[in-house]
Structures are given as C-alpha cells and as structure tokens.
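**Student:** Sequence and computational prediction follow.
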Amino acid sequence: MTGISPAQSHAPPETREPQRRLAALGAILTCPCHAVGLMFVMSGTALGAFLFRHLTVIMLVLGALFLFSCWLLWQTRDSNRSCPIPDRPDDGHVQG
C-alpha cells in the first residue's frame, strides 16, 4: 500500500483552474432554486408536469449536487493567495 504525501495530493494551480470553473458551473446549474423557476417556465409541457410531480426528489438531488459542487469549489481554492494584513508583527500580537 503506497501513500500519497500532502504535497502530491494537491494539484498545481494551473490544473485547478478548469476544475474550479467546472465546480462553479455545477453549483450554478444545480442550485435548487432554479428548479422552481424552471417549473414555471416549463408549465403546460410534459417536462413541467414531470418536474411538478417529482419536485421533492428533484430538490433533494439538486441540493446534494449543489452542496457537492460548493464543496469541490471550496477544496480547489488556493489558500496561499490571501492578502497580507498590514502593520501586523510577525509574532501575531497586536501592538498597542
């Protein structure tokens, strides 16, 4: 059994950008609030009737996919790209 070091488990920033875009698109498309709007747009059609009939299942599936997309987006963030806090000493204590 071989282990992967923490340094090897994270992809370089160049390869994370497409993954971030895909996760953001997934979060936008699977947002559960869009199912209600889609139901109004599709009212009077067979797809609208299907959405209305299975709304609970659709909302649960979209909610799970939405949370997964948000989690994936959070995991692919670059935590080293934060702005420094000005006038803060290196030891973490506030001068005053």
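**Tutor:** Received it, and whenever you're ready, just let me know what you need.
**Student:** For residue 72, give its distance to residue 33.
**Tutor:** Distance of residue 72 to residue 33, given as Cβ to Cβ, to the nearest Å: 19 Å. Just so you know, the C-beta spots here come from the backbone N, C-alpha and C atoms, and that holds for glycine as well.
**Student:** again, but for residue 51
**Tutor:** 13 Å.
**Student:** higher neighbour count, those two?
**Tutor:** residue 51 (19 against 10; other Cβ atoms under 10 Å).
**Student:** Find the helix or strand that the more buried one is a member of.
**Tutor:** Counting by DSSP states H and E, the element that carries residue 51 is helix 46-53.
**Student:** outside of that helix, which residues touch it?
**Tutor:** Helix 46-53 is contacted from outside by 35, 38, 39, 41, 42, 58, using Cβ atoms under 8 Å, 6 or more residues apart in numbering.
**Student:** Mark which of the residues you listed are buried, thanks.
**Tutor:** Buried members of the contacts of helix 46-53, scored by 16 or more other Cβ atoms under 10 Å, are 35, 39, 58.
**Student:** Out of the residues you listed, which sit inside strands?
**Tutor:** Under the assignment DSSP state E, those contribute nothing to strands.
**Student:** Thanks again, I'm all set now.
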